[in-house]
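Visitor: missing the sequence, but the structure's below:
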């Protein structure tokens, strides 16, 4: 079985990358930069690694990245959901339709499972590669000059050629990039989330069907609410999420212990199956969805600090693309650094933004559209209107899932740099960039596309 011992590394580029945050964005950037021969340090605020969270989905566009890490697929697949269908029901329990999700032969592997368990595998993989990951880090300052960038963490200066702020939805790096603190706002929605052993689900005749014959994925949609239930590991574990309207304060805590009775109260009148699932749950999390308009830019004035992942573009869960797009960010940046070289880091950072910005915004829009369709349809007439029902489907389009971030970055980088050199840059002109200078040292082996 392949493992991290078989991990391919390009010769050293001399490029030093400082990464703030060890979530999926930060770890992917660290691993991909290591593949490309860059030197990496990761600074994480947590005191120790913990297996946290519930369900997460890494779609085939992220699976294509993971496939290039020897041994990763073999580790992830046994702990992830293997169901092939998403069954839609009305909030009253009426059968609507079934969406076929068995598209791995078309797009490649996807991985849906416990966020903490998947994160733990990626975390251990990065450590096995010898990546310098430091915990208990408190960032007090970001800084940059024309020649370098860095942060001050725990009173120590960490300096590199570039800093990647992968520090989440409440990013401190965002303040440096924008020049002001961009506070998250209430979205008007919250999510009750839970992960549990399936024992109680299996005992109840109402819910047994979701766990006794392998993995299942079910969705109930209703006015201003939706409820998703997923079983994994051949029905051994179970997860559910309920998105609903909420106007609670997010200033102090946007994630806190939830109350099962409160969840039952908002589901009054819903399918008894849904209420039985919630009743079988020992505890849940009350997660307030924060809102943020798309940022005007993800990069700093001197283009040596870049926002990635949720720090740059938080996603609605209904997009099923938040972690996947974060991983695409890290992969794209590693390629841009490789092609630009140490002397042209600002050009690489600017190219990253131009390559990624419009794609990410389009992916974010899919989550907005899906939630609107799920929440705002005429739910009393859905069964009678097939066209309305079809709008409920999750977005599984080619442009989103068939994307190969690495291959795309290699393909478009020269053209993007040429356009940037000609002044086609969001908010700022760039001059003096030589295309040939940027692509002179591209190793062919690293530009190959892996077929999943």
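Guide: Here it is on my side, so go on. Model, not experiment: these values are computed from the prediction. Residues are numbered from 1 along each chain as shown.
Visitor: use CA for all of it now, contacts and neighbours both
Guide: OK.
Visitor: burial count for residue 365?
Guide: Neighbour count for residue 365, taken as other C-alpha atoms under 10 Å: 15.
Visitor: hang on, I meant residue 94
Guide: When neighbours are counted by other C-alpha under 10 Å, residue 94 comes out with 13.
Visitor: If you drop the residues flanking it in sequence, what lies closest to it?
Guide: residue 383 (7.8 Å; C-alpha to C-alpha, 6 or more residues apart in numbering).
Visitor: secondary structure class for that neighbour?
Guide: Secondary structure state of residue 383, per DSSP: H, G, I helix; E, B strand; the rest coil, is helix.
Visitor: what number of residues lie near it?
Guide: Neighbour tally, residue 383, other C-alpha under 10 Å: 17.
Visitor: Just want to check the distance between residue 345 and residue 294.
Guide: Applying C-alpha to C-alpha, to the nearest Å, the value for residue 345 to residue 294 is 24 Å.
Visitor: Compare these two and say which one has the larger neighbour count.
Guide: residue 345 (24 against 14).
Visitor: circling back: contacting residues around the residue nearest to residue 94?
Guide: If you count contacts by C-alpha atoms under 8 Å, 6 or more residues apart in numbering, residue 383 has them with 94-96, 389.
Visitor: Filter those residues down to the ones in strands?
Guide: 95-96 (DSSP state E).
Visitor: Generate CSV for the contacts of residue 383, with pLDDT as supplementary columns.
Guide: Shown next, in CSV, are the contacts of residue 383 (pLDDT from 0 to 100):
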residue, pLDDT
94, 93
95, 92
96, 92
389, 81
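Visitor: which of the contacts of residue 383 lies closest to residue 18?
Guide: residue 389 (47.0 Å; C-alpha to C-alpha).
Visitor: quick one: contacts for the residue lying closest to that closest one once chain neighbours are set aside?
Guide: Leaving aside its sequence neighbours, residue 389 sits nearest to residue 382 (C-alpha to C-alpha, 6+ apart; 6.0 Å). Listed by C-alpha under 8 Å, 6+ apart, the contact set of residue 382 reads 90, 96, 388-389.
Visitor: go on, residue 388?
Guide: 377, 382.
Visitor: longest strand anywhere in the chain?
Guide: Per DSSP E, the chain has its longest strand at strand 185-197.
Visitor: so for the helix or strand just after it, what's the average pLDDT?
Guide: The helix or strand immediately downstream of strand 185-197 is helix 199-203, counting by DSSP states H and E. Averaging pLDDT along helix 199-203 yields 96.
Visitor: So for helix 199-203, what gets flagged as buried?
Guide: Residues of helix 199-203 classed as buried: 200-202 (neighbour count, 16 or more other C-alpha atoms under 10 Å).
Visitor: partner strands of whichever helix or strand comes after it, parallel or antiparallel?
Guide: Using DSSP H and E, the next helix or strand after helix 199-203 towards the C-terminus is strand 217-222. In the sheet containing strand 217-222, its partner strands are strand 85-90 (parallel), strand 225-232 (antiparallel), by DSSP bridges.
Visitor: Could you provide the ones you listed in JSON lines, with additional columns for mean neighbour count?
Guide: Putting these into JSON lines (neighbours: other C-alpha atoms under 10 Å) gives the following:
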{"stretch": "strand 85-90", "mean neighbour count": "20"}
{"stretch": "strand 225-232", "mean neighbour count": "23"}
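Visitor: As TSV, the ones you listed with distance to residue 101 and mean pLDDT would be great.
Guide: TSV is the format used below for the strands paired with strand 217-222 (distance: least, C-alpha to C-alpha, whole Å; pLDDT from 0 to 100):
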stretch	distance to residue 101	mean pLDDT
strand 85-90	5	94
strand 225-232	13	96
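Visitor: Quick one: these as a markdown table, columns for distance to residue 283 too.
Guide: Formatted as a markdown table, the strands paired with strand 217-222 follow (distance: least, C-alpha to C-alpha, whole Å):
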| stretch | distance to residue 283 |
| --- | --- |
| strand 85-90 | 25 |
| strand 225-232 | 15 |
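Visitor: what about those strands, which gets the closest to residue 38?
Guide: Of those, nearest to residue 38 by C-alpha to C-alpha is strand 225-232, at 36.9 Å.
Visitor: where does the closest one sit relative to the chain's centre, distance-wise?
Guide: 19 Å (C-alpha atoms, centre = their mean, to the nearest Å).
Visitor: and the angle for it with strand 185-197?
Guide: 30 degrees (axes from the mean of the first three to the mean of the last three C-alpha atoms, to 10 degrees).
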